[in-house]
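Student: using only what follows, build the 3D model:
(2 chains)
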Protein chains: 2
Amino acid sequence: MSLIVEREDVPRGDGADRPLRIGMVAPPWYELPPRGYGGTEAVVATLVDQLVARGHEVTLVASGTPRTRAQRHVRVYEEPPSHLLGSSVMPELVLAAEAARALDGLDLDVVHDNSAAGPLLARGRAIPTVVTMHGPVGGDNGDYYRRLGSSVDLVAISHAQRRHAPDLNWVGTVHNAIDVPSFPFRADKSDTVLWIGRFSPDKGAHIAIEAARRAGRRILLAGKLSEAAEKEYFDRDVRPLLGPDAEYIGEADSQLKRELFALASCLLFPIQWHEPFGMVMAEALACGTPVVATPRGSVPEVVRHGETGFVVEGVDALADAVTRVCELDPAACRRDAEQRFDLPVMAAGYERVYRMLAEGSETIRSLTAAPAA
Amino acid sequence: MSLIVEREDVPRGDGADRPLRIGMVAPPWYELPPRGYGGTEAVVATLVDQLVARGHEVTLVASGTPRTRAQRHVRVYEEPPSHLLGSSVMPELVLAAEAARALDGLDLDVVHDNSAAGPLLARGRAIPTVVTMHGPVGGDNGDYYRRLGSSVDLVAISHAQRRHAPDLNWVGTVHNAIDVPSFPFRADKSDTVLWIGRFSPDKGAHIAIEAARRAGRRILLAGKLSEAAEKEYFDRDVRPLLGPDAEYIGEADSQLKRELFALASCLLFPIQWHEPFGMVMAEALACGTPVVATPRGSVPEVVRHGETGFVVEGVDALADAVTRVCELDPAACRRDAEQRFDLPVMAAGYERVYRMLAEGSETIRSLTAAPAA
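Tutor: Numbering: from 1, shown residues only, chains lettered A, B, ... in the order given. Model (predicted):
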């Protein structure tokens, strides 16, 4: 029903398609790529590098020292104003004003805006403005993009996200991606189950422990436990459930995370909210590790039920699924991650959106109404 | 050097000038007029009513229940999101998106934007966008308007404000105004000196006490003392100076403030920062009360030295001036307030800016380079 690009569709720069000139606007808060926090900044940095690798010309508007492969870098703040995040509107406005000034004089095909205030500029722009919905589509966020109407061309990070605000001006869906080759594939799994995430009731760590215990499996929990709300949830709902078969091992860094994924018999992902895209599912699959998850948010479109995991509701069904993951083929999980969640796939997805809008050879509506061939 | 409209210049809608169609954008945070806080909202509400009274057609984009005389009201939030002030950028963005959507279809002569994000829309608009600099012109604020360049037509609230950022795209200066007739004129003054304001070191309450004491005059202090920083300053620098001749009387409401102004021999205003416009000076003058102040920010252009007050530096000079205010004519103070700081004067100032930009009969630059006739 929408624009998802599978690997076999990836245009390969075979000469038929001319390179695109892309204005890329990042949020102002962190460097690209970010050294720590900055989820959107990480996605944008990756996308920039991929687009350049595909032969496109990218002008990046962002904060801090340029460390991407963009041919042009418009630096808004020398030092990213991270300390103002959540307390000042000004960095978003300064960045948008700078984006307007810097990009308007350039001969671009498309602007891809990932900032908050930047999309306001779309109305005054002759070329299309693509906006990825990195955040929620409800509340004020939804109202904002609804009011921007057809001035912006919205890209969802999952079908689930689109379904939550079907009236927005969607032009495509491009899943977030991970660097699949950087994740170790391992076919030979342990019996241990893994839960990984932020300690929020929404992420269901307490449910994961119950499910693993009923399945008679040991579970390791890794994740962020630093904010007050996280500690409160952990102390109230998770700590009482810990034991020799359910162990909290701290926050896993990039290396440990990969080892945990690779060894686990499955990732238990009993998500309790409609998360637009669950990155850890893609990471688990990349390691050849099936995912056992509840059917919320992006889960049903990330996990292929019965092939790369099980999508079920309730502790008993989750426990039953945990005992059955041995039936699934780790190689199929890895292959699926390569085909759907690898960085070049995401870049190809955006390239296709850009080209569709820039060339205007077909109407946006007819393209988005038909599935990708 | 810039566009200040004196009363004798006020166009009177004598038929020669057609009414203007004005899109007015308020900040999203408070109702218009605000019931409590909301300085910018108060100015905008007043301006709207004055413009309508002058025969213009105003479309107001704002939060909350419409309580101005605007012919059209575009309501963004039913309940103004005041609780999000300082923590969320979204209300500013939602308001700007709504302003774009609501105003673009209308046949307007000019948009006057008083919000933070709204000025980003100017670039995509065929008609001029006037922006009043209600806040500071330094730091991120200055950078923002500098980047917006000539897409916005900036109005300063004082010459002093312009001097602090002379490179911005100023098209005029219009002083903030007060409802002069609502302030009681009194020629017969007490010997008491008044200080009124927020308890911040910048406002110089401690200096006012010292100056009054050296002049041998009693001083009353009225003002806001609710935030931690205000209390800290008060306890450290003001309270130790209080005595029978220097008394803190709490925060004055609208009525008490008028009585205090009317009775005082003078307002002591030893401002320590370059405040763009000091409203209390205009209020004192309206009551026929001279102002003794330090030469910072808007002071030298609000107070006519030797006529409506004294502009001097240092405690001794302030004390000396306090003993000499009896030489000044209260009626001259009142008259000056009527001629320069009354609401119709402000409205006429904005009307002139709108008309100049909308009719484009002369270039903006040639007008702003010449003083108002």
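Student: all contacts plus neighbour counts: C-alpha atoms, from now on.
Tutor: Noted.
Student: all strands of chain A, in order?
Tutor: Secondary structure of chain A (DSSP state E): strands located at A:21-25, A:57-62, A:72-75, A:110-113, A:129-132, A:153-156, A:170-173, A:193-198, A:219-224, A:246-248, A:266-269, A:291-293, A:309-311.
Student: distance from the chain centre to stretch A:258-269, please.
Tutor: The chain centroid and the centroid of stretch A:258-269 are separated by 19 Å under Cα atoms, centre = their mean, to the nearest Å.
Student: in JSON lines, list the strands of chain A along with mean pLDDT and distance to B:Val180.
Tutor: Below are these laid out as JSON lines (pLDDT from 0 to 100; distance: least, Cα to Cα, whole Å):
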{"stretch": "strand A:21-25", "mean pLDDT": "97", "distance to B:Val180": "49"}
{"stretch": "strand A:57-62", "mean pLDDT": "97", "distance to B:Val180": "49"}
{"stretch": "strand A:72-75", "mean pLDDT": "96", "distance to B:Val180": "48"}
{"stretch": "strand A:110-113", "mean pLDDT": "97", "distance to B:Val180": "48"}
{"stretch": "strand A:129-132", "mean pLDDT": "97", "distance to B:Val180": "49"}
{"stretch": "strand A:153-156", "mean pLDDT": "97", "distance to B:Val180": "51"}
{"stretch": "strand A:170-173", "mean pLDDT": "96", "distance to B:Val180": "53"}
{"stretch": "strand A:193-198", "mean pLDDT": "95", "distance to B:Val180": "59"}
{"stretch": "strand A:219-224", "mean pLDDT": "94", "distance to B:Val180": "59"}
{"stretch": "strand A:246-248", "mean pLDDT": "97", "distance to B:Val180": "69"}
{"stretch": "strand A:266-269", "mean pLDDT": "98", "distance to B:Val180": "66"}
{"stretch": "strand A:291-293", "mean pLDDT": "98", "distance to B:Val180": "68"}
{"stretch": "strand A:309-311", "mean pLDDT": "98", "distance to B:Val180": "71"}
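Student: shaky segments in the stretch 1-150 of chain A?
Tutor: Counting by pLDDT under 70, the stretch 1-150 of chain A contains low-confidence residues at A:1-16.
Student: what's around whichever residue of it sits closest to chain B, how many residues?
Tutor: Residue of the stretch 1-150 of chain A nearest chain B, by Cα to the nearest Cα: A:Gly124 (3.3 Å). The number of residues packed around A:Gly124, counting by other Cα atoms under 10 Å in any protein chain shown, is 17.
Student: once you drop chain neighbours, what's closest to it?
Tutor: Sequence neighbours aside, B:Gly124 is the residue nearest to A:Gly124 in space, at 3.3 Å (criterion: Cα to Cα, 6 or more residues apart in numbering or on different chains).
Student: so which bits of the stretch 51-200 of chain A are right by chain B?
Tutor: A:86-91, A:93-94, A:96-98, A:101, A:116-117, A:120-121, A:123-125, A:140-141, A:143-144, A:147-148 (Cα under 8 Å from any Cα of the partner chain).
Student: make it 6 Å
Tutor: With Cα under 6 Å from any Cα of the partner chain as the criterion, the stretch 51-200 of chain A meets chain B at residues A:Gly86, A:Ser87, A:Val89, A:Val94, A:Ala97, A:Glu98, A:Arg123, A:Gly124, A:Tyr144, A:Arg147, A:Leu148.
Student: in helices, which of these fall?
Tutor: Secondary structure defined by DSSP state H assigns A:Val94, A:Ala97, A:Glu98, A:Tyr144, A:Arg147, A:Leu148 of those to helices.
Student: now for the fifth one: which residues touch it?
Tutor: Applying Cα atoms under 6 Å, 6 or more residues apart in numbering or on different chains, we find A:Arg147 in contact with B:Ala97, B:Glu98.
Student: one more time with 10 Å, if that's ok
Tutor: A:120, A:141, A:168, B:93-102 (Cα atoms under 10 Å, 6 or more residues apart in numbering or on different chains).
Student: kindly provide the distance from it to B:Leu93.
Tutor: Separation of A:Arg147 from B:Leu93 (Cα to Cα, to the nearest Å) stands at 10 Å.
Student: now the fourth one
Tutor: In this view, A:Tyr144 and B:Leu93 are 7 Å apart by Cα to Cα.
Student: for A:Arg355, same thing?
Tutor: When distance is defined by Cα to Cα, A:Arg355 is 28 Å away from B:Leu93.
Student: just A:Val48 next, same as before
Tutor: For A:Val48, the distance to B:Leu93 - Cα to Cα - is 26 Å.
Student: give me the neighbour count for A:His83.
Tutor: 10.
Student: now do the contacts for it.
Tutor: Per Cα under 10 Å, 6+ apart, neighbours of A:His83: A:Trp29, A:Tyr30.
Student: quick one, helices of the stretch 101-250 of chain A?
Tutor: Counting by DSSP state H, counting those that start in this stretch, the stretch 101-250 of chain A has helices at residues A:139-148, A:159-163, A:205-214, A:228-233.
Student: overlap in contacts of A:Arg147 and B:Leu93?
Tutor: A:Leu120, A:Asn141, B:Ala99.
Student: next up, the contacts around the residue nearest to A:Gly124.
Tutor: If you count contacts by Cα under 10 Å, 6+ apart, then B:Gly124 has A:Leu120, A:Leu121, A:Ala122, A:Arg123, A:Gly124, A:Arg125, A:Ala126, B:Ala100, B:Asp104, B:Ser151 around it.
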